[in-house]
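**Q** I would like the atomic coordinates for the input below:
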Amino acid sequence: MLLVSLSSKADTCLPDAEGLCTPGVTVDEQVTVEKTEEDKGTEIIFTTTTTKTITTTTVTNEDSGNIVDEPDMNFDWGGEGPASMPSGTYCGDLGTDTCAEITGSGDTKSRMLVDGMGSTFYQEVDISDLSIDNGGEVTYSIKVDKQDAQDRIYMHVTGTGGGTTVFSGTDILSESGVSSGYQSYNGSFDFSGVLSKITIEIGGRDINLAVGPLFDDVSVNVFYNVISTIIEQQITAVEEIVYLNLTDPTQIDLIEEIIEYNDVKIDNEGKVEFIPIEPSKEEITYETVEVEIDVKIEDIEPEMETMEEEIKAEIEIVEEPVEEIVVEAVEEESSVEEIKEETKEEPTAKEKAATKIVKEIDDKERYDDTAQTKTLIVMQILGDTKTFFNSQSTIIDTDVNEYLNKTIEDQYGILFSNAQDQLLNQMVESQYGGD
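**A** Purely as a prediction, here's the structure:
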């Protein structure tokens with residue numbers, strides 16, 4: 001088996017990759033060639049099966065949009081410790097609309113296990129309807145105005161899938177002792193696999209219990225990978241048949257006959273078509289038969305000359321004198337006369353040639369139009385009735401009774417009958433002692 005692998009890849013990620021993948025298309029092509037051999041005794045079948053598998057993988061990035069419930073902080077999310085929801089100039093650079101304030105001064109561990117917590121704002125968001133199962137990235141943004149440098153504020157996000165923590169991260173936005181004032185913070189957390197729920201916790205401390213850390217305009221987005229895979233498979237099988245021991249004469253004759261009497265055509269799809277070859281019919285005329293008889297005569301004349309020489313030799317042997325006795329000479333002369341009388345009249349070369357032409361007609365074709373026409377013309381030539389097929393005169397029907405009683409002595413009919421009888425007699429004689 002031969003395995004060939006071809007691939008064309010974009011900068012995509014593998015399954016279970018962490019973070020966002022680069023959008024693109026991966027084309028992977030694998031070709032396997034398998035050869036089998038099947039021996040059936042009289043033939044061997046070689047089969048070559050080529051399997052081409054093309055895998056096309058497309059990666060795109062999808063955005064969930066902001067999943068935070070009430071990002072403008074118009075009401076309290078709920079959480080741990082004390083908090084307030086001021087508005088107007090109290091919110092400082094966050095705007096005059098409602099903002100959130102962390103007012104707790106405690107120093108404990110939060111629900112999400114973050115140290116240095118006095119108050120928290122907390123919510124869980126179900127995102128199972130997004131069907132995220134190929135990893136991605138969770139991003140956040142938040143606007144903060146920390147007016148007291150001693151206060152602190154953090155952002156915590158946890159992602160779970162099927163009850164398992166996929167990622168968990170805490171970013172300290174502004175630590176105690178830092179005069180950050182108004183700032184906009186952004187961050188992200190990579191994950192792999194399935195993600196179905198996001199937990200958001202914003203917490204911190206108001207150490208001096210003056211104006212605690214303020215925040216507003218919270219946004220959390222999930223960017224996730226969508227991977228689609230299309231697999232195409234093409235299977236091509238080519239058979240090659242090698243015939244063995246093709247020595248059966250019947251099979252060979254059949255194949256030769258098919259090739260001889262058919263045109264074999266193969267179209268573009270490999271289909272074989274046998275088109276019968278129409279046999280050309282011989283044009284039979286008086287002149288063509290005369291030529292054929294002349295050719296046969298050329299072949300027969302040497303045979304007849306040889307036969308004549310043999311007969312002369314036999315006669316000369318008989319005529320040799322044995323004794324000079326008149327009686328015996330007379331007897332010998334008489335014997336010679338008997339031999340001459342017993343020597344029957346041989347047919348002429350023309351008659352022999354005509355007989356051969358009739359004999360050479362194939363039995364299968366003896367009764368078709370061409371064969372019968374040739375036979376009639378042969379008889380016509382032997383009877384020297386070349387005008388037999390000419391147009392005949394029209395008989396005027398004057399008196400039917402007189403016409404029926406009239407004896408028609410048509411020279412063509414008589415000659416034709418004589419020629420036919422003569423030819424048939426010669427054919428019979430040739431079967432019983434003739435040439």
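**Q** Report the rounded mean pLDDT for the longest strand seen in the chain.
**A** Selection of the longest strand in the chain by residue count, based on DSSP state E, yields strand 214-243. Averaging pLDDT along strand 214-243 yields 93.
**Q** Then stretch 277-289?
**A** The average pLDDT for stretch 277-289 rounds to 75.
**Q** swap in stretch 106-126?
**A** Model confidence over stretch 106-126 averages 97 on the pLDDT scale.
**Q** buried stuff in that stretch?
**A** Judged by neighbour count using 16 or more other Cβ atoms under 10 Å, the buried positions of stretch 106-126 are 110, 112, 114, 116-123. C-beta coordinates here come from the backbone N, C-alpha and C atoms, glycine included.
**Q** ok, now stretch 140-158?
**A** Residues of stretch 140-158 classed as buried: 140-149, 151-158 (neighbour count, 16+ other Cβ under 10 Å).
**Q** Identify the farthest-apart pair in the buried residues of stretch 106-126.
**A** The widest separation within the buried residues of stretch 106-126, taken as Cβ to Cβ, falls between 116 and 123 and amounts to 20.7 Å.
**Q** What pairs with the helix or strand residue 55 falls within, parallel or antiparallel?
**A** For residue 55, the enclosing helix or strand under DSSP states H and E is strand 43-66. Pairing partners of strand 43-66, with direction, according to DSSP bridges: strand 24-39 (antiparallel), strand 214-243 (antiparallel).
**Q** tell me which element residue 305 falls in.
**A** If you go by DSSP H and E, residue 305 is part of helix 286-319.
**Q** For residue 153, name its beta-bridge partners.
**A** Here residue 153 sits in beta bridges with residue 174, residue 204, going by DSSP bridges.
**Q** possible to save the strands paired with strand 43-66 as a markdown table with distance to residue 186 and mean neighbour count?
**A** Conversion of these to a markdown table gives the following (distance: least, Cβ to Cβ, whole Å; neighbours: other Cβ atoms under 10 Å):
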| stretch | distance to residue 186 | mean neighbour count |
| --- | --- | --- |
| strand 24-39 | 26 | 14 |
| strand 214-243 | 9 | 15 |
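**Q** could those strands be laid out in CSV, adding distance to residue 102?
**A** Conversion of the strands paired with strand 43-66 to CSV gives the following (distance: least, Cβ to Cβ, whole Å):
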stretch, distance to residue 102
strand 24-39, 44
strand 214-243, 8
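**Q** Do a quick rundown of the helices in this protein.
**A** Listed in chain order, the helices of the chain (DSSP state H) span 249-261, 286-319, 326-342, 349-359, 369-382, 400-405, 411-431.
**Q** With respect to the ones you listed, which exhibits the lowest mean confidence?
**A** helix 400-405 (a mean of 46).
**Q** which non-adjacent residue is nearest the spatially most central residue of the chain?
**A** The structure's the chain has its C-alpha centroid closest to residue 236; by Cα atoms, centre = their mean the separation is 7.2 Å. Spatial nearest neighbour of residue 236, excluding adjacent residues (Cβ to Cβ, 6 or more residues apart in numbering): residue 50 at 4.7 Å.
**Q** same thing with residue 172?
**A** Nearest non-adjacent residue to residue 172 (Cβ to Cβ, 6+ apart): residue 154, at 4.9 Å.
**Q** Any stretches of the stretch 1-150 of the chain with poor pLDDT?
**A** For the stretch 1-150 of the chain, residues meeting the criterion pLDDT under 70 lie at 1-12, 14-15.
**Q** sorry, back to before: to residue 96, which of the strands paired with strand 43-66 lies closest?
**A** Evaluated with Cβ to Cβ, these place strand 214-243 nearest to residue 96, the distance being 10.9 Å.
**Q** Specify the angle between the closest one and helix 249-261 in degrees.
**A** When axes from the mean of the first three to the mean of the last three Cα atoms, to 10 degrees is applied, the directions of strand 214-243 and helix 249-261 differ by 110 degrees.
**Q** Now find how far off-centre strand 214-243 is within its chain.
**A** The chain centre lies 27 Å from the centre of strand 214-243; the measure is Cα atoms, centre = their mean, to the nearest Å.
**Q** about what we covered before: could I get the buried residues of stretch 106-126 as a markdown table with distance to residue 352?
**A** A markdown table is the format used below for the buried residues of stretch 106-126 (distance: Cβ to Cβ, whole Å):
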| residue | distance to residue 352 |
| --- | --- |
| 110 | 132 |
| 112 | 127 |
| 114 | 130 |
| 116 | 137 |
| 117 | 135 |
| 118 | 140 |
| 119 | 138 |
| 120 | 133 |
| 121 | 131 |
| 122 | 129 |
| 123 | 125 |
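**Q** Can you tell me which of the residues you listed end up in strands?
**A** Counting by DSSP E, the buried residues of stretch 106-126 contribute 119-123 to strands.
**Q** Switch these over to TSV; also include distance to residue 78.
**A** Rendered in TSV, the data for these read as follows (distance: Cβ to Cβ, whole Å):
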residue	distance to residue 78
119	11
120	9
121	7
122	6
123	7
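**Q** now, which of these sits nearest residue 211?
**A** Each of those was scored against residue 211 by Cβ to Cβ, and residue 119 proved nearest at 13.5 Å.
**Q** re the thing from before, go ahead and confirm the residue nearest to the centre of the chain touches residue 49.
**A** Yes. Here residue 236 lies in contact with residue 49, judged by Cβ atoms under 8 Å, at a distance of 7.3 Å.
**Q** Spit out the contact partners of the closest residue to residue 213 other than its chain neighbours.
**A** Spatially, and ignoring its direct neighbours in sequence, residue 213 is nearest to residue 153 (4.0 Å; Cβ to Cβ, 6+ apart). Applying Cβ atoms under 8 Å, 6 or more residues apart in numbering to residue 153 gives the contacts 102, 144, 146, 172-174, 202-204, 213, 215.
**Q** quick one: which of the residues you listed is most hemmed in?
**A** Among the contacts of residue 153, residue 204 has the most neighbours (other Cβ atoms under 10 Å), with 32 neighbours.
**Q** re earlier: may I see the buried residues of the strand holding residue 55?
**A** Going through strand 43-66 with 16+ other Cβ under 10 Å, the ones that come out buried are 50-52, 57-59, 64.
**Q** closest to residue 253 among these?
**A** When the buried residues of strand 43-66 are compared for distance to residue 253 (Cβ to Cβ), residue 50 wins out at 38.3 Å.
**Q** now that closest one: how far from residue 31?
**A** 7 Å (Cβ to Cβ, to the nearest Å).
**Q** same check, this time on residue 194
**A** The value you get for residue 194 to residue 31, if Cβ to Cβ is used, is 35 Å.
**Q** which residues touch the residue nearest to residue 71 when sequence neighbours are not counted?
**A** Counting by Cβ to Cβ, 6+ apart, the nearest residue to residue 71 once its immediate chain neighbours are dropped is residue 218, at 4.8 Å. Residue 218 makes contact with 68, 71, 73, 140-142, 200, 202 under the criterion Cβ under 8 Å, 6+ apart.
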